[in-house]
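Just need the structure, nothing else, for what follows:
(chains A and B)
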There are 2 protein chains.
Amino acid sequence: MAKANQRLTKRAYQARAQALRASLVELQVELKSVPFKVLFIVAGPEGAGRGSLLNTLAEWLDPRGVETFSYHAPSEEEQQHPQQWRFWRSLPGIGRIGLYAGSWYTETLREEARSKRALSLVAQEADRIRDFEKLLADGGTLIVKVWLHLSKDAQGRRLRTLRADPATTWRVTDEDWHHHRIYDRLDQTAKFIRSRTNRPGARWTIIDAEEERTRDLQVGQLLLTEFRKQKIRVARLLARTKGRKPGPSLRPTGLRRLQSLSLDQDLSEKDYDALREKWLGRLNQAVRAALAEKRAIVFVFEGWDAAGKGGAIRRLTSAIDPRDYRVIPVAKPTAEEKHAHYLWRFWRDIPRDGRMAVFDRSWYGRVLVERVEGFCRPDEWRRAYAEIKDFEHQLTEHGAIVLKYWLHVSHAEQLRRFREREALAHKRHKMNDEDWRNRRQRAAYEVAVGDMLALTDRDQAPWHLVPADNKRFARLEVLRSASRQIEAALGD
Amino acid sequence: MAKANQRLTKRAYQARAQALRASLVELQVELKSVPFKVLFIVAGPEGAGRGSLLNTLAEWLDPRGVETFSYHAPSEEEQQHPQQWRFWRSLPGIGRIGLYAGSWYTETLREEARSKRALSLVAQEADRIRDFEKLLADGGTLIVKVWLHLSKDAQGRRLRTLRADPATTWRVTDEDWHHHRIYDRLDQTAKFIRSRTNRPGARWTIIDAEEERTRDLQVGQLLLTEFRKQKIRVARLLARTKGRKPGPSLRPTGLRRLQSLSLDQDLSEKDYDALREKWLGRLNQAVRAALAEKRAIVFVFEGWDAAGKGGAIRRLTSAIDPRDYRVIPVAKPTAEEKHAHYLWRFWRDIPRDGRMAVFDRSWYGRVLVERVEGFCRPDEWRRAYAEIKDFEHQLTEHGAIVLKYWLHVSHAEQLRRFREREALAHKRHKMNDEDWRNRRQRAAYEVAVGDMLALTDRDQAPWHLVPADNKRFARLEVLRSASRQIEAALGD
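Presented below is the predicted three-dimensional model:
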């Protein structure tokens, strides 16, 4: 622990604070040109001065580059999403410093103060936090965590002094005294949580909080040091070749599954018309039942260019009340999105309980186009399989039904459709050079698709491979398998 | 009403649809270069085919440029904001077409179907919608509203046909039959709402919905025509000189109020220290009482450069639990924000019931910097006074307490502070050329500030003029007046 042995005079403090301020503001200017985010989390017992420390930091920093966050008990809307949704919602913008007076830690400790929980439950929550922070840190975010240490005696003294003065007595609440009485238990729990969440990229620093001036200077200095280290780290990462080598298959079973799919299905228009209404009806029932049970439904559509994703989605949604679903077309990321974690924009669109979202392309772009085209580094797309599995696990754990489709067309049928599109005025906009470029990379994409199928297929969020050379068959197949998966999820 | 007299053959329909599709897609490409938004609202009785029409449009348009919206009964979070918050939250991005299957209209009519309301209530709601649409239309948004007309007989036939076929019987709900039974009353109400909301910039077009193909073609054609007209309108607006003439005072009383403010207050450090804790305590009590009563609190800080807004805000917030408030520093708008309505980014940050937000600069930029620097047209900033009053009225009507501060420093004191800032390393970042440029325009800004004071001062959202040549006095004055206004709002 950093110890504050001597009291600083006001003059000495001011001199050091001024130097620190100048450096911190320089840091903020640099932060605009170096693409990373900073989360600065302050935790500690009541009376340790989280609020006053953040006020000092807010004074030292340029307020235009700072966002402050804190959390209340989850709102209804937040409760109707997976637990982490609220944290994803409140991340600082790019080039900004997020100051967290409250955070996932304060929430956990407040909960503990209300009622003692089994250690295994606390451990579970801590591990979840650790995974979340790992994800952000791996994505290049700097996470600085400070624990303000204040002994039980010092806490008592501070609360009594505040209470004694009529002008400040309002600062001390009943909750503060309660926390003081159970100081030892809270301290033990905090120690336990810190040890489980003290990982590379998200380390805890314990700062003695008894001396206010020393505390503030030490924290400012810490922020500065960590920022400088991160700058070097980020620069080194950026210098790594992204390379255009998508690499060989990681798990060839997926590729074999893809290549063995038979594509010679046939379905007459007449048969299709009859079956379609039947399955639309069944899907409608299944979806309504799921939404009535407050389950969320998440559809993911991936597939080759011109495989017919749009058409399949329109047939699917024609069975659903327009107020119940949203289609989310996933285009290239905007500038803002490009600087955020790749999962961020998808978290934003995750439906709440009792609603449905259809993603027309999705987070799988990370392991498909970004892998094949080298838009991200190999360590990034390799990590993504586990990150995506964890993301989808959070959805299904919360109760969402996740349905994933890969629409598969043969190389020959794709060519026929490309040519048809180019011939038709109203379809020409769907074609561009990129489509032809992607087509030439079919082999590399097949490897990527295969790995995706092998590495992200879970019982709770399975991949449906849909033979799509025959559009009618493909559309019907989507209706059929969606009805069945939703019914199974409801336990029918 | 556009009449559909003859049935179209499938072949004729397809030929016309293809031509329309090609034009619509061209339109979407243009929309990316012309900066306006499109809201396309489809309303009409059950069975008129809102869903299938939107499905057709979704097929015709490039999905990457489309966003679809619809509304449920307001969520808890939505209920805890002024009524319009949910509509502001769901506007299409720039260059995108927003398709509204549900809209403020469907919500109003569903409500009416559940229970007949007094006409005056419906009228009030319609007027609110009209004002909202006027605001958007004035801001350059194209609003196309289609009412799908279906007679009671045709509705009955359609519902019976669907019900008779086992494959489609699921499409007809009890709610549909209820709407059918009260067709006449709903039709009357809809007519009434349409007539009150049929205004320039947001006109209704009634389309006969009996013939599906004709209906779709007519709607597509309408969208195309309206888009082309709007393109010309927007180009004409853009060509208008913005001009750098902020103009003379509209209402000189405000300017006189500003100039007669005395600035020679004094307050010793000792007196300040004593009084500060007292008033911080009182403010803390008042804020806690207000938040406990689920009132939202909105602080607005405006003032000359270097008037001490940041310092005043930090003193103010030091009295508040960090979890209860957010400070929102208002910088230059981002590219995305620049293309949105100027009020949009502020709506986003309006606190929910029981929370507090402190705006460090605000929507008043429209009538201050944008007026003086010519960043918007004279018709735009002139309109803004009424728009802002209406915006703040919505906040206070919902129960929010709105506190507005103008921090006033003399020209001489400002100069002293500028020079001091330039001399100090840790304050230098606060100064730039713009500050000196603004300073030279003092007279023009004074006129704008005066008009702002005179034209947006309301009993429910009053302006506090704070003499700020003495920083201590100014900070204390903010604490005092805020405590008093909040106490008064609570009826203490």
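
if you look at stretch A:62-69, does any of it touch chain B?
Yes - using Cβ under 8 Å from any Cβ of the partner chain, stretch A:62-69 reaches chain B at A:62, A:63, A:64, A:66, A:68. The C-beta positions use only the backbone N, C-alpha and C, and glycine is treated the same way.

same question but for stretch A:37-53, I mixed them up
Yes - residues of stretch A:37-53 contacting chain B under Cβ under 8 Å from any Cβ: A:50, A:51, A:52.

what residues are up against the second one?
Residue A:51 sits next to A:101, B:318, B:321, B:322 when contact means Cβ atoms under 8 Å, 6 or more residues apart in numbering or on different chains.

Isn't the first one up against residue A:41?
No - assessed by Cβ atoms under 8 Å, residue A:101 is found out of contact with residue A:41, at 9.1 Å.

Ends of stretch A:146-155, what's the gap?
18 Å (Cα to Cα, to the nearest Å).

Sorry, slip of the keys, the one I care about is stretch A:28-37.
Start-to-end span of stretch A:28-37 (Cα to Cα) is 11 Å.

And that stretch, what's buried?
Under the neighbour-count criterion of 16 or more other Cβ atoms under 10 Å in any protein chain shown, stretch A:28-37 has A:28, A:31, A:36, A:37 buried.

On the pLDDT front, check the closest residue in space to residue A:316 that isn't next to it in sequence for me.
Spatial nearest neighbour of residue A:316, excluding adjacent residues (Cβ to Cβ, 6 or more residues apart in numbering or on different chains): residue A:478 at 5.9 Å. Listed pLDDT for residue A:478 reads 98.

contact partners of stretch A:236-256?
By Cβ under 8 Å, 6+ apart, stretch A:236-256 touches A:140, A:371-378, A:382, A:444, A:446-455, A:457.

quick one: buried residues of it?
Residues of stretch A:236-256 classed as buried: A:246, A:249, A:250, A:254, A:255 (neighbour count, 16+ other Cβ under 10 Å).

One more: stretch A:264-280?
For stretch A:264-280, a neighbour-count test (16+ other Cβ under 10 Å) marks A:267, A:272, A:275, A:276, A:277, A:278, A:279, A:280 as buried.

just checking, which of the residues you listed belong to helices?
A:272, A:275, A:276, A:277, A:278, A:279, A:280 (DSSP state H).

The fourth one: what's it in contact with?
This means residue A:277. Contact analysis of residue A:277 by Cβ under 8 Å, 6+ apart lists B:165, B:167, B:168.

Just give the nearest non-adjacent residue to the first one, would you?
Distances taken as Cβ to Cβ, 6+ apart place residue A:277 nearest to residue B:165, at 7.6 Å, with adjacent residues excluded.

that older thread, let me have the residues of stretch A:37-53 next to chain B in CSV, adding secondary structure and pLDDT as columns.
CSV is the format used below for the residues of stretch A:37-53 next to chain B (DSSP: H, G, I helix; E, B strand; the rest coil; pLDDT from 0 to 100):
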residue, secondary structure, pLDDT
A:50, helix, 86
A:51, helix, 82
A:52, helix, 84
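
Chain B: which of those is nearest?
Closest approach to chain B among those (Cβ to the nearest Cβ): residue A:51, at 5.1 Å.

Now residue A:352. Its backbone dihedrals?
Phi and psi for residue A:352, reported as degrees, to the nearest 10, are phi -80, psi 170.

cool, residue A:359 as well?
Per-residue torsions, residue A:359: phi -90, psi 120 (degrees, to the nearest 10).

mind listing what it touches?
If you count contacts by Cβ under 8 Å, 6+ apart, residue A:359 has them with A:298, A:299, A:300, A:301, A:328, A:330, A:346, A:349.

Against chain B, how distant is the third one?
By that I understand residue A:300. Note on residue A:300: its distance to chain B, by Cβ to the nearest Cβ, to the nearest Å, is 15 Å.

what is that residue paired to in the beta sheet?
residue A:359, residue A:404 (DSSP bridges).

you'd agree it is up against residue A:401?
No - Residue A:300 is not in contact with residue A:401 according to Cβ under 8 Å; the separation is 11.5 Å.

Can you tell me which of the contacts of residue A:277 lies closest to chain A?
Comparing those against chain A with Cβ to the nearest Cβ picks out residue B:167 as the nearest, at 3.5 Å.

That closest one: what's its closest spatial neighbour, skipping adjacent residues?
Of all residues beyond its chain neighbours, the one nearest residue B:167 is residue A:277 (3.5 Å), with distances taken as Cβ to Cβ, 6+ apart.

That'll do, ta.
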